[in-house]
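Peer 1: fold the stuff below for me.
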Amino acid sequence: MMYSEISTYCLAHNVTLVVVSKMRTVYEVMKIYNQGHRIFAENRVQELLQKYQVMPKDIQWHLIGTLQKNKVKYLAPFIQLIHSVDDFELWNEINKQAIKQHRCIPVLLQIKISDEESKNGFEWKELLEVLECKEWKSLDHTQLIGVMGMASLTEDQDKIRSEFKWLKSSFDELKEKYFNTQHSFNTISMGMSGDYKLAIEEGSTMVRIGSAIFN
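Peer 2: Got it, this is the predicted structure:
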């Protein structure tokens, strides 16, 4: 499916399309840019920095992969959204680097919704402990706008759907308990090339699509 079809589908469902440009050349990414798209994501800091340096500066760059604390400083001046906040120490480091840049960096809490060992994210109990301690409320140079999750890599559509359902219900619980007065807490980043329609059915507000667009 080409970019225009996916973009139209997302627009019709009021879902933000994040084009995943990892392992794609600048030429390939510029073809999508020239069709009017401005939100792109990488999962490695080095590749993101390389593209940022040479591509138009009106692109909104997202980081969707694992982020090491010692690399936050390289992204802090320009990153538009970090999807992969999976522990408090990382969240705190993002806040520290944002202070140095005199800006506020939007972030998502990555929640582990799959039982696959390769998938990262907060365990639910661990996340509740972090939020209950309320130390996060002092991180006022980050803006927590929602959650992110990655479903299992499987052909079992029922399993994928159940994982998406669980993330949506987790978002709803967090919204009600901790963020019911924060209108900015409104993002559920779930769904990729193979399962984005399923994710949208289950309440996704942001999908991350690469191969379905570039292949």
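
Peer 1: break down the protein into its strands, ranges please.
Peer 2: 16-20, 39-42, 60-63, 81-85, 105-110, 142-148, 187-189, 206-209 (DSSP state E).

Peer 1: which outside residues touch the first one?
Peer 2: Under the contact criterion CB atoms under 8 Å, 6 or more residues apart in numbering, strand 16-20 has outside partners 3, 6-7, 10-11, 29, 32, 37, 39-43, 62, 64, 187, 189, 192, 205-210, 213. Yep, even glycine has a C-beta here, placed from its N, CA and C like the rest.

Peer 1: centroid residue for this protein?
Peer 2: When the chain is reduced to its mean C-alpha position, the nearest residue by CA atoms, centre = their mean turns out to be His83, at 3.0 Å.

Peer 1: thought Gln110 was touching that residue, still the case?
Peer 2: Yes: using CB atoms under 8 Å as the test, His83 is close enough to Gln110 to be in contact (6.5 Å).

Peer 1: okay, and the common contacts of these two?
Peer 2: A shared contact of His83 and Gln110, defined by CB under 8 Å, 6+ apart, is any residue touching both; here these are Met148.

Peer 1: got the strands of the chain as a markdown table, with mean pLDDT and distance to Ala98 columns?
Peer 2: As requested, these are arranged in a markdown table below (pLDDT from 0 to 100; distance: least, CB to CB, whole Å):
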| stretch | mean pLDDT | distance to Ala98 |
| --- | --- | --- |
| strand 16-20 | 98 | 21 |
| strand 39-42 | 98 | 19 |
| strand 60-63 | 98 | 14 |
| strand 81-85 | 98 | 10 |
| strand 105-110 | 98 | 5 |
| strand 142-148 | 98 | 6 |
| strand 187-189 | 98 | 18 |
| strand 206-209 | 98 | 21 |
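
Peer 1: including distance to Leu131, could the ones you listed go into CSV?
Peer 2: As requested, the strands of the chain are exported to CSV (distance: least, CB to CB, whole Å):
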stretch, distance to Leu131
strand 16-20, 24
strand 39-42, 25
strand 60-63, 22
strand 81-85, 12
strand 105-110, 9
strand 142-148, 10
strand 187-189, 17
strand 206-209, 21
